[in-house]
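>>> I'd like to go over a predicted model; first the sequence, then the structure.
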Amino acid sequence: MHITMPFSAIKSPSRRYYVNLQKCVNDDDKIWTLEMNEKNKNVPIVLLHGFGAGLGFWIHNFEALAKTHHVYAFDILGLARSSRPSFSNDALEIEQVNIYLIMIDSDRSHEKKKSRKN
């Protein structure tokens, strides 16, 4: 079942497009992207959702954030409007992907702890 995101809630100009990853997992993987206030010179904000979500998760935050920043949000590969790649059945390859995901999660946790101290 595909649920349409309420993009009508976004009143400011925005660009919505696919970024072609070429050969990431499959030959033609794409990531669905939303971009707002691209001319803003402040540090850009990148919104990255968790598993089981999509960029629609941020729908009520786009307007406020885009008032002062260039905003990027995208659907992670395999979720929401992004490509659904076919992953390998090879145990070693799957383990390597799991290690990569654990490293990403560890980096996020480290950044959260660091930002709390500041």
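Received it, and whenever you're ready, just let me know what you need. Residues are numbered from 1 along each chain as shown.
>>> What ranges does the chain have for its strands?
14-22, 29-36, 45-48, 71-74 (DSSP state E).
>>> Could you name the helices and strands sitting against the second one?
Looking back up the chat, that one is strand 29-36. Contact partners of strand 29-36 among helices and strands, from 3 or more CB pairs under 8 Å, 6 or more residues apart in numbering; DSSP states H and E: strand 14-22, helix 62-66, strand 71-74. Using the backbone N, CA and C atoms, a C-beta is placed for each residue, glycine as well.
>>> and if you look at the longest one?
When contacts are defined as 3+ CB pairs under 8 Å, 6+ apart, strand 14-22 packs onto strand 29-36.
>>> In the sheet, which strands lie alongside the strand it packs on, parallel or antiparallel?
strand 14-22 (antiparallel), strand 71-74 (antiparallel) (DSSP bridges).
>>> For the shortest one, what is the distance to the chain centroid?
Read it as strand 71-74. 7 Å (CA atoms, centre = their mean, to the nearest Å).
>>> Please export the C-alpha coordinates of that strand as PDB.
The C-alpha trace of strand 71-74 is given here as PDB (Å, rounded to 0.1, in the frame of the first residue of the first chain):
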ATOM      1  CA  VAL A  71      16.800  22.200   3.900                       C
ATOM      2  CA  TYR A  72      17.400  18.800   2.500                       C
ATOM      3  CA  ALA A  73      15.200  15.700   3.300                       C
ATOM      4  CA  PHE A  74      15.300  12.400   1.600                       C
END
